[in-house]
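Novice: Provided below are the primary sequence and the corresponding predicted coordinates.
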Amino acid sequence: MKVALFGGTGFVGKYITEELLKNNHTPHLLVRPGSENNVFQPDKCKVNIGDIRNLKTIELTIKDTDAVIYNIGIIRQFPKKGITFEAIHFEGAKHCIDVAKNLGIKRFILMSANGVKYDGTMYQSTKYLADQYLRNTDLHWTIFRPSLIFGDPKDKKEFCSQLRDDMLNLPLPAPLFYKGIIPINVGQFTMSPIHIKDVASIFVKALDMEKTIGKIYELGGPKTYNWIELIDIISAASGKKKWKIPAPVTPIKLAASIFERFPFFPITKDQLTMLLEGNTCDSTSTFKDFEVDPISFSIENLEYLTPK
């Protein structure tokens, strides 16, 4: 099968590309100028250089394919560079959906996110709008909404390696965020980490599974962890023992609202909001449907964090 993959050079995209090739599919990738070296096995892919805001390059990528996977996403925006949640999550997805419809390409798989909602953060609301736009088409769509994705980022960054570098490597205690003034339920928000290999496997298997058409799947790992447990496991995998202290989120949000437009600041106000909301789901039936034995979130499976 020829599969148009948008977002094929990032952390998740490289694993999806590898999984596509492993299953004898041919990835057709849209790659930004300057990112050509980030393509996994480029000699086995059809690579088109262009931009997600350019309809001609989108058409060139989707033309003569059998399915489309939209996997482009950002975790923070830089409006002065034209990098916004609306442009990437909604407008980019909308362009690809429209082109697929015009070219008669029926199969469309969308990477969304767990917890998306109309009245959420800009990250959540733009993902939600893309979901709704796709659902209101006659395409043979499937939407995946993953929780926290972890796994060896190779030359990229993912949640655990980012947390290690931006928080655990600092000579300061790790913050246990809480709402309000009084430290109640400190660090008790939870997540369901899912391994990147499981995500990639499910995406590619869905291409040939007719029963997944018209369905939305939440993707989370087999176990839920609170923030304290996450820090302890990631610290241990990184060869560290980290002190932790309660940290009220309000002043940190205030600082983030001022400095988040600068790349050096490690977190945004919206990221803090979503962090405290938690990010969990039960994917037991999904793993069964896709015949996937989920990889656990453990020190052994986080060995890529260990200092070399």
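Specialist: Everything's here; your move.
Novice: show me the helices in the protein, by range?
Specialist: Ranges of helices within the chain are 11-22, 55-62, 85, 92-103, 122-135, 159-163, 196-206, 227-237, 249-259, 269-277, 284-289, based on DSSP state H.
Novice: so what's the backbone phi/psi at the residue of the chain most remote from its centre?
Specialist: When each C-alpha in the chain is compared with the mean C-alpha position (CA atoms, centre = their mean), Ile182 comes out farthest, at 33.0 Å. Phi and psi for Ile182, reported as degrees, to the nearest 10, are phi -90, psi 130.
Novice: if I look at it, what pLDDT would I see?
Specialist: Here the pLDDT value assigned to Ile182 is 88.
Novice: residues contacting it?
Specialist: Ile182 makes contact with no residue under the criterion CB atoms under 8 Å, 6 or more residues apart in numbering. C-beta coordinates here come from the backbone N, C-alpha and C atoms, glycine included.
Novice: switch the cut-off to 10 Å
Specialist: Ile182 sits next to Pro246, Pro248 when contact means CB atoms under 10 Å, 6 or more residues apart in numbering.
Novice: same question for Asn102.
Specialist: Taking CB under 10 Å, 6+ apart, one finds Leu55, Glu59, Ile62 in contact with Asn102.
Novice: what pLDDT does the model give Leu170?
Specialist: 89.
Novice: can I see the domain layout of the chain?
Specialist: 2-150+193-219, 159-191+223-279+295-305 (automatic domain parsing).
Novice: straight-line length of stretch 61-68, end to end?
Specialist: 9 Å (CA to CA, to the nearest Å).
Novice: residues contacting that stretch, please?
Specialist: The contact list for stretch 61-68, computed with CB under 10 Å, 6+ apart, reads 1-6, 8, 20, 25-31, 46-48, 50, 52, 58, 96-97, 99-100, 102-103, 105-110, 139-141, 206-208.
Novice: where's the closest residue to Ile83 other than its chain neighbours relative to Met191, distance?
Specialist: Using CB to CB, 6 or more residues apart in numbering and skipping residues adjacent in sequence, the residue nearest Ile83 is Gln77, 5.6 Å away. Note on Gln77: its distance to Met191, by CB to CB, to the nearest Å, is 22 Å.
Novice: coming back round to it: would you list the helices of the chain in JSON lines and tack on distance to Pro175 and mean pLDDT?
Specialist: Shown next, in JSON lines, are the helices of the chain (distance: least, CB to CB, whole Å; pLDDT from 0 to 100):
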{"stretch": "helix 11-22", "distance to Pro175": "24", "mean pLDDT": "98"}
{"stretch": "helix 55-62", "distance to Pro175": "41", "mean pLDDT": "97"}
{"stretch": "helix 85", "distance to Pro175": "25", "mean pLDDT": "96"}
{"stretch": "helix 92-103", "distance to Pro175": "33", "mean pLDDT": "98"}
{"stretch": "helix 122-135", "distance to Pro175": "21", "mean pLDDT": "98"}
{"stretch": "helix 159-163", "distance to Pro175": "11", "mean pLDDT": "95"}
{"stretch": "helix 196-206", "distance to Pro175": "26", "mean pLDDT": "98"}
{"stretch": "helix 227-237", "distance to Pro175": "9", "mean pLDDT": "97"}
{"stretch": "helix 249-259", "distance to Pro175": "7", "mean pLDDT": "91"}
{"stretch": "helix 269-277", "distance to Pro175": "10", "mean pLDDT": "93"}
{"stretch": "helix 284-289", "distance to Pro175": "32", "mean pLDDT": "97"}
